[in-house]
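# attaching a predicted model along with its sequence, questions to come.
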Number of protein chains: 2
Amino acid sequence: MTDSPPPAPARTPAVAAVGSGSTALLTDRYELTMLQAALADGTAHRRCVFEVFTRRLPAGRRYGVLAGTGRVLEQLAAFRFGTPELDWLADERVVDDATLAFLADYRFDADVVGYAEGEVFFPQSPVLVVEGTFAQAVLIETLVLSVLNYDSAVASAASRMTSAAVGRPCLEMGARRAHEDSAVAAARAAVIAGFAATSNLEAGRRYGLGTIGTAAHAFTLLHDDERAAFASQVASQGPGTTLLVDTYDVRRGVENALAAAGTGLGAVRLDSGDLGVLAQEVRQQLDDAGARDTRIVVTSDLDEYAIASLAVAPVDSYGVGTSLVTGSGAPTCGMVYKLVAREGASGEMEPVAKASRAKTSVGGRKSAARRLDRDGRAVEEVLVVGPDDQVAAWTRRQAADPDPLLRPLHVPLVVDGEVLPGLTAAAGVRAAAARHAASRDELPRGARRLSADEAAVPTVELSLG
Amino acid sequence: MTDSPPPAPARTPAVAAVGSGSTALLTDRYELTMLQAALADGTAHRRCVFEVFTRRLPAGRRYGVLAGTGRVLEQLAAFRFGTPELDWLADERVVDDATLAFLADYRFDADVVGYAEGEVFFPQSPVLVVEGTFAQAVLIETLVLSVLNYDSAVASAASRMTSAAVGRPCLEMGARRAHEDSAVAAARAAVIAGFAATSNLEAGRRYGLGTIGTAAHAFTLLHDDERAAFASQVASQGPGTTLLVDTYDVRRGVENALAAAGTGLGAVRLDSGDLGVLAQEVRQQLDDAGARDTRIVVTSDLDEYAIASLAVAPVDSYGVGTSLVTGSGAPTCGMVYKLVAREGASGEMEPVAKASRAKTSVGGRKSAARRLDRDGRAVEEVLVVGPDDQVAAWTRRQAADPDPLLRPLHVPLVVDGEVLPGLTAAAGVRAAAARHAASRDELPRGARRLSADEAAVPTVELSLG
């Protein structure tokens, strides 16, 4: 025990980047080959409207939660074709010289509106609308969908968990069960959907999230016995720490924990076994010892159903990992990015849609609103469809003279390539979490039940003109 | 159609990095708080052995595929605490000054052995073994598991798909259904498990993978009609391109495709409808028109079962998206990183294991081998357990005098912090793909059936001493 840490050296400088930092190649090859052909025939400069929506919710789910918008906006700024990207595209002959020249100059300068991040959505909800030239808008398809599909899958699952927890804090601990960068996005999405904190340090740094975590079984096993491990942890982190008491025997573990920290012990964590039964026993043991303020944290393959089943157990918070970062059975959202209108040969905007039966889309640009009843409860998801000018006029009328029973859902996100303020980084996460809480509260009460059912409100069309 | 691309500017320089490039904070907070306590009590410098393994395969799966090892090794090089990381940890008071000083100097210098990337694995297979001080080895837990759990989930699913495709090429197209960086890892894992190419440009660049892709429905919809779209694509990419024929009507689409490209058309793609029936009809139509060499690519929510069901259809290749990047029902592997042995107070190495029933682990350092029958077929996964010196002696004996019916599975990966050559980047992917093909061929024939069953071979222990 005489080992001591090495003397403090001067801090090292920031290390070199792993990648080049450009997000431009996080893209399917066909976006670039389509661009090449469209540049050659002139259609690349046609005005286009692309919409992001999902055709259905995962089986049994009653609503989805939009997350990732802020990350999309952050990534657009890095969507640049620098020399390394252009050289690689040239070497691989992915596109021709004219296209390389276009890409070298590419800056996203289209307009984007969409649902506020954190908003709930339903089948066909146009959660993001990108309007610009084909060349502008097509290139970002893959990146937009990657971000929204993953982040929204996690947020949609997370919202069910925080619902089931009925106010008890949920803690995100899933980093090890997801790709290392997905894990950062998952922590962000979880907090948007009401999680209290994350174990993920990078997510804490990047998005200003609270971080938590004290010790794993390895720390106990590292020491000669559990008492030595607990004593060391309390000496390092104070009695307010959380001690993991199930490495050997839980009852003995709680005894050792109280011996190390006293009745001021912050919390004990249970990570295995029948958590409901164990929590009852441990609560009794803690209370009997006078440690009435010591909390009980449970972890161990929890999902929304396990959380709900622990509602009557004396549990103070839930740590959730695997099921959160994998979307609790629905690891992607099935969002698509579809061309719904484009400038025709005449210069007029025209609605377009694929005709094959299985993948029908509603053509034309849409607006969207949520219809509320007089108690402020959501009753319908309203897609406003019609000629472009009439949809635009409808939107203006709503802004000038709001109908209190029809809440517009589209907010501006990017204007002429400029991302509006407050939507990214920590501020974006805070705003999205507030939006989610308000939107979820507005849903019919039954929407928060976990049992399988239809979408909580129907999606209807309001046709103009 | 008079629009022309802007003149070619000088290529822009590489853009600024999105993050700082350090992987060190892709880590659960408790790794650092454990380190702090262990530095204070001296146990941080105890020698430790951590093993990565999975307790079970996903329900019904017969084997798993290890992928991600090369990515782990790449990321270890960037696992450095630079000034931005240290400043943030200090500001957030995650750890104390002594720990910050240790982290500033941290370089991974432990030893790592493991299964070759691409190798198949079974429950309890020790796919990665990290040996070093507690401080060295504990810090990388989260990152190691994030990478291996995701990449192996994808490779395990991908291997079933390439098996079901029985030699027809499988193409990875899932980028939009996964987090944008996961997508790059997924493409890499898919190629390790036998996929022929990917739509993902960043994966192509980073790992030297072949990339594919021509056009989406949006390209057809952008144009005034399908014939104009196909003519443009053929003009841009030549008649060898793949034309997407199901935007409006498939029969008409094939007619338009042949009109645009002639009978030298490379391929048509079907992305909706009853693919088996459509493929028959399209094949007949192509053959009748004399386009006998025009191939048929199918895409549209394929998984291993859909691929198998198309075995008798005249399909030439399969594009797979969602089910691949989400592990086809098993989006994470459940791999854990467990302390199995550590130096005790006496200075001797001692096996350790958590005692709680639900999460039992086998203590002590292990080696591993695959027992083969005389035909070279795998019959058992052998875990070699016993006192450290005897396991080491067994490993040396196998190297000196190999038993042809017992193939050792551990290969050295990192020696004193130095990553051995050939394991990362494109070379690593090529080697892993070759390893996977050989290991899968060695499995009992029934292992490649898709029907739910037990692990293809049992995991047994060989106890020494």
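The structure has been received and is ready for your questions.
# pretty sure A:Ala257 sits against A:Leu265.
Yes: with contact defined as Cβ atoms under 8 Å, A:Ala257 and A:Leu265 form a contacting pair (5.8 Å). Using the backbone N, CA and C atoms, a C-beta is placed for each residue, glycine as well.
# give me the common contacts of those two.
Between them, A:Ala257 and A:Leu265 share these contacting residues under Cβ atoms under 8 Å, 6 or more residues apart in numbering or on different chains: A:Leu243.
# those two: who's more crowded?
Here A:Ala257 and A:Leu265 are set side by side on neighbour count (other Cβ atoms under 10 Å in any protein chain shown), and the busier one is A:Ala257, at 31 against 25.
# just to be sure, that one is in a helix?
Yes: for A:Ala257, which was evaluated using DSSP: H, G, I helix; E, B strand; the rest coil, the result is membership in a helix.
# residues contacting it?
A:Phe230, A:Leu243, A:Val245, A:Leu265, A:Val268.
# ok, the first one - contacts?
Read that as A:Phe230. The contact partners of A:Phe230, taken as Cβ under 8 Å, 6+ apart, are A:Thr220, A:Leu243, A:Asn256, A:Ala257, A:Ala259, A:Ala260, A:Ala261.
# the third one contacts A:Ala228, doesn't it?
No: in this structure A:Asn256 lies outside contact range of A:Ala228 using Cβ under 8 Å: 9.5 Å.
# which of these two has more neighbours?
Neighbours were tallied for A:Asn256 and for A:Ala228 using other Cβ under 10 Å; the higher tally belongs to A:Asn256 (23 against 18).
# contact partners of the helix or strand hosting A:Thr220?
For A:Thr220, the element it lies in under DSSP states H and E is helix A:217-222. Judged by Cβ under 8 Å, 6+ apart, the contacts made with helix A:217-222 from elsewhere in the structure are A:226, A:229-230, A:233, A:244, A:247-248, A:271, B:34, B:37-38, B:43, B:46, B:48, B:50, B:134, B:138, B:141, B:338-339, B:342, B:352-354.
# let's see 6 Å
Residues outside helix A:217-222 that contact it (Cβ atoms under 6 Å, 6 or more residues apart in numbering or on different chains): A:Glu226, A:Ala229, A:Thr247, B:Met34, B:Thr43, B:Phe134, B:Leu339, B:Arg342, B:Val352, B:Lys354.
# packing partners of the helix or strand of chain A with the lowest mean pLDDT?
The weakest-scoring helix or strand in chain A, judged by mean pLDDT, DSSP states H and E, is helix A:388-400 (a mean of 90). Contact partners of helix A:388-400 among helices and strands, from 3 or more Cβ pairs under 6 Å, 6 or more residues apart in numbering or on different chains; DSSP states H and E: none.
# buried set for it?
Burial within helix A:388-400, assessed by neighbour count using 16 or more other Cβ atoms under 10 Å in any protein chain shown, is assigned to A:Asp388, A:Val391, A:Trp394, A:Thr395, A:Gln398.
# same question for stretch A:403-411.
Residues of stretch A:403-411 classed as buried: A:Leu406, A:Arg407, A:Pro408, A:Leu409, A:His410 (neighbour count, 16+ other Cβ under 10 Å).
# low-confidence stretches in the stretch 251-400 of chain A?
A:356-362 (pLDDT under 70).
# now swap in the stretch 1-150 of chain A and tell me
When the per-residue scores of the stretch 1-150 of chain A are filtered using pLDDT under 70, the ranges that remain are A:1-20.
# helices of that one, start to end?
Using DSSP state H, counting those that start in this stretch, the helices assigned to the stretch 1-150 of chain A run over residues A:29-41, A:69-77, A:83-91, A:97-104, A:134-138, A:141-164.
# cool, and the stretch 251-400 of chain A?
For the stretch 251-400 of chain A, the helices identified by DSSP H, counting those that start in this stretch occupy A:275-288, A:304-309, A:322-325, A:388-400, in order along the chain.
# how about the ones you listed, which one is nearest B:Ala447?
When these are compared for distance to B:Ala447 using Cβ to Cβ, the nearest one is helix A:322-325, at 25.9 Å.
# who in the stretch 201-350 of chain A is up against chain B?
Those residues of the stretch 201-350 of chain A that sit near chain B, judged by Cβ under 6 Å from any Cβ of the partner chain, are A:201-202, A:205, A:211, A:213-219, A:221-222, A:224, A:232-233, A:236, A:246-248, A:272-273, A:322, A:326, A:331-332, A:339, A:342, A:345.
# just the buried ones among the residues you listed, please.
Neighbour counting over those (16+ other Cβ under 10 Å) leaves A:201-202, A:205, A:211, A:213-219, A:221-222, A:232-233, A:236, A:246-248, A:272-273, A:322, A:326, A:331-332, A:339, A:342 as the buried ones.
# just those: which are in strands?
Secondary structure assignment by DSSP state E places A:Leu339, A:Arg342 of these in strands.
# how does chain A divide into domains?
For chain A, automatic domain parsing gives the domain ranges A:29-155+A:330-463, A:214-304.
# which one of these lies nearest to A:Ser317?
Shortest separation from A:Ser317 across the domains of chain A is recorded for domain A:214-304, at 5.0 Å, computed as Cβ to Cβ.
# now the buried residues of helix A:388-400 in JSON lines, with distance to B:Val154?
Listed next are the buried residues of helix A:388-400 as JSON lines, based on distance: Cβ to Cβ, whole Å:
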{"residue": "A:Asp388", "distance to B:Val154": "42"}
{"residue": "A:Val391", "distance to B:Val154": "41"}
{"residue": "A:Trp394", "distance to B:Val154": "45"}
{"residue": "A:Thr395", "distance to B:Val154": "42"}
{"residue": "A:Gln398", "distance to B:Val154": "45"}
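# tell me which two of those residues sit farthest apart.
In those, two members sit farther apart than any others by Cβ to Cβ. They are A:Asp388 and A:Gln398, at 16.0 Å.
# picking that back up, turn the helices of the stretch 251-400 of chain A into JSON lines, including distance to A:Phe79.
As requested, the helices of the stretch 251-400 of chain A are exported to JSON lines (distance: least, Cβ to Cβ, whole Å):
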{"stretch": "helix A:275-288", "distance to A:Phe79": "45"}
{"stretch": "helix A:304-309", "distance to A:Phe79": "35"}
{"stretch": "helix A:322-325", "distance to A:Phe79": "25"}
{"stretch": "helix A:388-400", "distance to A:Phe79": "27"}
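# how about these, which one is nearest B:Arg61?
The nearest among those, by Cβ to Cβ, is helix A:322-325 at 16.4 Å.
# render the CA-only coordinates of that closest one in CSV, please.
Output of helix A:322-325 as CSV, limited to C-alpha atoms (Å, rounded to 0.1, in the frame of the first residue of the first chain):
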residue,chain,number,x,y,z
THR,A,322,-28.8,-1.9,-22.8
SER,A,323,-32.5,-1.4,-23.4
LEU,A,324,-32.1,2.4,-23.5
VAL,A,325,-29.3,2.6,-26.0
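# any chance you could list what contacts that helix?
A:Ala158, A:Gly174, A:Arg177, A:Ala178, A:Ala186, A:Ala190, A:Asp303, B:Thr332.
# likewise for stretch A:337-345?
Around stretch A:337-345, the neighbours that count as contacts under Cβ under 6 Å, 6+ apart are A:46-52, A:141, A:144-145, A:349-352, A:361, A:363-365, B:218, B:221-222, B:224.
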